[in-house]
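Peer 1: My questions are about this predicted structure, shown below with the sequence.
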Amino acid sequence: MTAEQPAPGDDAMQAALAAMRRRYANTSRGIIATFEQIGEQLSASPASDDLLNALRRELHRVHGTSGSLGFHEASRMTGAMEGVVRRWSGDPALDRERRSGIVLRFARALDKVLAATVDEDAPKARRLLLIGLPDGVAERLVAEGVHRGYAVEQMGAGLGPQTSADAAPWGVVTMEAMASVVIGPEFHGAPFVLLRDASSHETSTALGAAAILDVATVASEILDQLDTRSGSPSEGKATVLLVDDDPMMLLLLRTLAEQEGVQVAVASNGTEFREALTTTDAALVVLDVEMPDANGIDLLRVMRADPRLADVPVLMLSGRTDQDARERAFDAGADDYMFKPVVPPEFQRRMLQLLKQRRDRRTATDLHPTSGLPLPARTLQDLDAHLGNRGEAHWSVVTVRPQEASPSGEEQQEWQSECLRLARAARDAGGSAGLSDEHELLLALPMLANEAASLMDTLVAGPDKSNCRWRAGIADTLAVPQATSRALITAANDAYRAARDARVCVRVWDTSSDDIVPDVIVVEDDAALSEMIAFALDAKGLSHRSYATGPEALAALLEIRVSGRPPIILLDVDLPGMDGHSLHERLRLERPGAFHVVFVSLHTSEQDQLRALQGGALDYLSKPISLRVLMAKLAVWRERTRAG
């Protein structure tokens, strides 16, 4: 399964497609879970029309999206299975007792296809190498690796000349018995985990393994060991704040921490410690108990009194060995306590353990493991809660994106720090903040859009407001009639694109503004496909808006003020609540000439195509779609409508 080969000038689109492929592979577990759930329910109700319709609809969705993203085998499988389900709907007796088992076996097969896909577009730094592992172990690691966004590659025990410096892996997992054979200089210092079984006869600690684990260890724990040693690129590096008045002790602790790949901030007294707490996003604090100007336990109490620092672990260091001092430290909120002089390996072990415990706690509650910001699902839940409880009050939604479309390395670290600064400002204003995707921050503020714009203007770094480090779009519940989370986010994204196009830092959504009317409107219930099209439109510099259901799209399209060239609507046929044909016909009656419609659907029958074209549609495209073909046709449609 490979993505389409890039054409000249298509670098931005190809990068967008690669990012979407990775994201789709990362979320494939949810797709499989849906099929598994339906399969289990069919065991009790094999002829249920509701279950068969739900199954057919999900197959229909995955068929189109996976093929459009380049997962052609997954698209072929789901298309074939959709045909099977259609036959079941027409013949209640066909495979009646076997339907549940057929669907569950299909789900397992699809899981293998999606999980085993190696995305050749993934960054080389994320390449995970599995060498000579038993089949069952390899399958579990492939699934977990793809879920975490790594490009997973499997090899036999005999490595050939293809292992080269420009393909250095992010991490390696192999059997302990093979370690001396397969772990060599060609891996350029990549961390590796060795798995031990009954046939192992040697101890491999001298080879520098990150860990030696039993072969039965669960996949997540194996990859956690590699994360600990190298730091997951998608999470950024954790920062450890070291507080000690002894310069030599600070130097030792800094050296030990940096050996483990973490970032370090230092403070040598109580004043510097208090300042560092406000300027540093510390994932762990290592705090000396006794300093000339401050008592470490008193400083710990100050820290624990701040709810924003409640989940930051603290490791206390002290030259005092009496039990009373240790108990007072734990009573004040310490997570661990070590006596001086520090034993380097033990300090490193405890530091890494505390960092992992914090990361696991955050992940378990849908928080980003490094920044602590809510992940997309929780961000949306928080926004829904604000809107559901707002009463007569008005709220604004702000979407913020960095100037660099896909920051990496130091730029990503800077963007994460900026997200935390903006999140603190949102919380201070009584709102909330969270991630809506890998590079977008979403703020919910209890104020109207003009007030939110004033706040965001004060947060733009530097006196030159035209040189933005980020751009923000704002929409409020007064301007958006539906006032749903999706509608507000869509409007805020429109405003963001207007800010980007106008090269300003902040823009408020306004239905009377011509530059807010999008070039393209996507009406598609499959979020992955809708997002893929959005990436391509962004790469071409076209503004756009998306809707996921027929009623939602109709309500918005009846309200939108169109002046100048009508937007082009990319319209799916199978939509929740109202099919695409019905939506098209309502627009023809109630908004004649306001939009140009192009159908994009898996339905390729002559009847469907004629109904659309005879109703005035510009064109009719069949899924799966090619992004390059879609963008080429879009240019033709826009030129045709301009001339018309």
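Peer 2: That came through fine.
Peer 1: Can you name the element that comes right after the helix or strand containing residue 486?
Peer 2: Assigned by DSSP states H and E, residue 486 belongs to helix 485-502. Next helix or strand after helix 485-502 toward the C-terminus (DSSP H and E): strand 506-508.
Peer 1: Would you mark the buried spots in the helix holding residue 486?
Peer 2: Of all the residues in helix 485-502, those buried under the rule 16 or more other CB atoms under 10 Å are 485-500. Any C-beta I mention is one placed from the backbone N, CA and C, and that applies to glycine too.
Peer 1: Out of the residues you listed, flag the one nearest to residue 536.
Peer 2: Closest approach to residue 536 among the buried residues of helix 485-502 (CB to CB): residue 497, at 14.0 Å.
Peer 1: could you list every residue that touches the closest one?
Peer 2: Residues in contact with residue 497 (CB atoms under 8 Å, 6 or more residues apart in numbering) are 473, 518, 538, 543-544.
Peer 1: now that we have those, which one has the most neighbours?
Peer 2: Ranked by neighbour count (other CB atoms under 10 Å), those have residue 473 at the top, with 27 neighbours.
Peer 1: show me the contacts for it.
Peer 2: By CB under 8 Å, 6+ apart, the neighbours of residue 473 are 398-399, 491-499, 506-509.
Peer 1: who's it bridged to?
Peer 2: Judged by DSSP bridges, the bridge partners of residue 473 are residue 399, residue 507.
Peer 1: so what pLDDT did it get?
Peer 2: In the prediction, the pLDDT value recorded for residue 473 is 93.
Peer 1: element containing the closest residue to residue 590 other than its chain neighbours?
Peer 2: Using CB to CB, 6 or more residues apart in numbering and skipping residues adjacent in sequence, the residue nearest residue 590 is residue 558, 6.1 Å away. Using DSSP H and E, residue 558 sits within helix 550-559.
Peer 1: who's in contact with residue 59?
Peer 2: Here residue 59 is in contact with 78-79, 81-82, 85 (criterion: CB under 8 Å, 6+ apart).
Peer 1: any idea how far it lies from residue 107?
Peer 2: From residue 59 across to residue 107, the span is 11 Å (CB to CB, to the nearest Å).
Peer 1: Also residue 535?
Peer 2: Counting by CB to CB - residue 535 and residue 107 are separated by 28 Å.
Peer 1: any chance you could map the helices in the stretch 1-150 of the chain?
Peer 2: Remark: helices assigned in the stretch 1-150 of the chain by DSSP state H, counting those that start in this stretch are 11-26, 28-42, 49-68, 72-90, 99-115, 135-147.
Peer 1: Which one of these lies nearest to residue 264?
Peer 2: helix 135-147 (29.1 Å).
Peer 1: quick one on the thing from earlier: just among the contacts of residue 59, which is most surrounded?
Peer 2: residue 78 (25 neighbours).
Peer 1: rewinding a little: for the helix holding residue 558, what is the average pLDDT?
Peer 2: In this model, helix 550-559 has a mean pLDDT of 90.
Peer 1: Let me know the angle separating that helix from helix 485-502.
Peer 2: Helix 550-559 and helix 485-502 are oriented at 50 degrees to each other (axes from the mean of the first three to the mean of the last three CA atoms, to 10 degrees).
Peer 1: can you list the weak-confidence ranges in the stretch 401-550 of the chain?
Peer 2: Scanning the stretch 401-550 of the chain for pLDDT under 70 picks out the ranges 405-410, 438, 461-467, 481-482, 511-516.
Peer 1: now the residue lying farthest from the centre of the chain: how far from residue 339?
Peer 2: Ranking residues of the chain by C-alpha distance from their mean position (CA atoms, centre = their mean) puts residue 322 at the top, at 47.6 Å. Going from residue 322 to residue 339 by CB to CB gives 10 Å.
Peer 1: and if you look at residue 77?
Peer 2: Distance, residue 77 to residue 339, by CB to CB: 60 Å.
Peer 1: Among the two, which residue is more densely surrounded?
Peer 2: Of the pair residue 77 and residue 339, residue 77 is the one with more neighbours under other CB under 10 Å, namely 20 against 14.
Peer 1: What is the burial count for the nearest residue in space to the more buried one that is not next to it in sequence?
Peer 2: In space, and not counting its chain neighbours, residue 77 is closest to residue 110: 5.8 Å by CB to CB, 6+ apart. Using other CB under 10 Å, residue 110 has 23 neighbouring residues.
Peer 1: quick revisit: ok, the residue nearest to residue 590 touching residue 589?
Peer 2: No: here residue 558 lies out of contact with residue 589, judged by CB atoms under 8 Å, at a distance of 10.7 Å.
Peer 1: Quick check: the gap between the closest residue to residue 127 other than its chain neighbours and residue 345.
Peer 2: Take residue 127 and drop its neighbours on the chain: the residue closest to it by CB to CB, 6+ apart is residue 169, 4.5 Å away. According to CB to CB, residue 169 and residue 345 sit 26 Å apart.
Peer 1: Out of those two, name the residue with the larger neighbour count.
Peer 2: residue 169 (25 against 9).
Peer 1: Am I right that the more buried one sits in a helix?
Peer 2: No: judged by DSSP: H, G, I helix; E, B strand; the rest coil, residue 169 forms no part of a helix; its state is coil.
Peer 1: Retrieve the pLDDT associated with it.
Peer 2: 71.
Peer 1: That one is in contact with residue 129, isn't it?
Peer 2: Yes: between residue 169 and residue 129 there is a contact under CB under 8 Å: 4.2 Å.
Peer 1: and for stretch 238-249, what are the contacting residues?
Peer 2: 231, 250, 253-254, 257, 262-269, 272-273, 276-277, 280-288, 291-292, 296, 299, 317, 340, 342, 351, 355, 359, 370.
Peer 1: Of the residues you listed, just the buried ones, ChimeraX syntax please.
Peer 2: A single ChimeraX command selects the buried members of these (16+ other CB under 10 Å):
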select :231,250,253,254,257,262,263,264,265,266,267,268,272,273,276,277,280,281,282,283,284,285,286,287,288,291,296,299,317,340,342,351,355,359,370
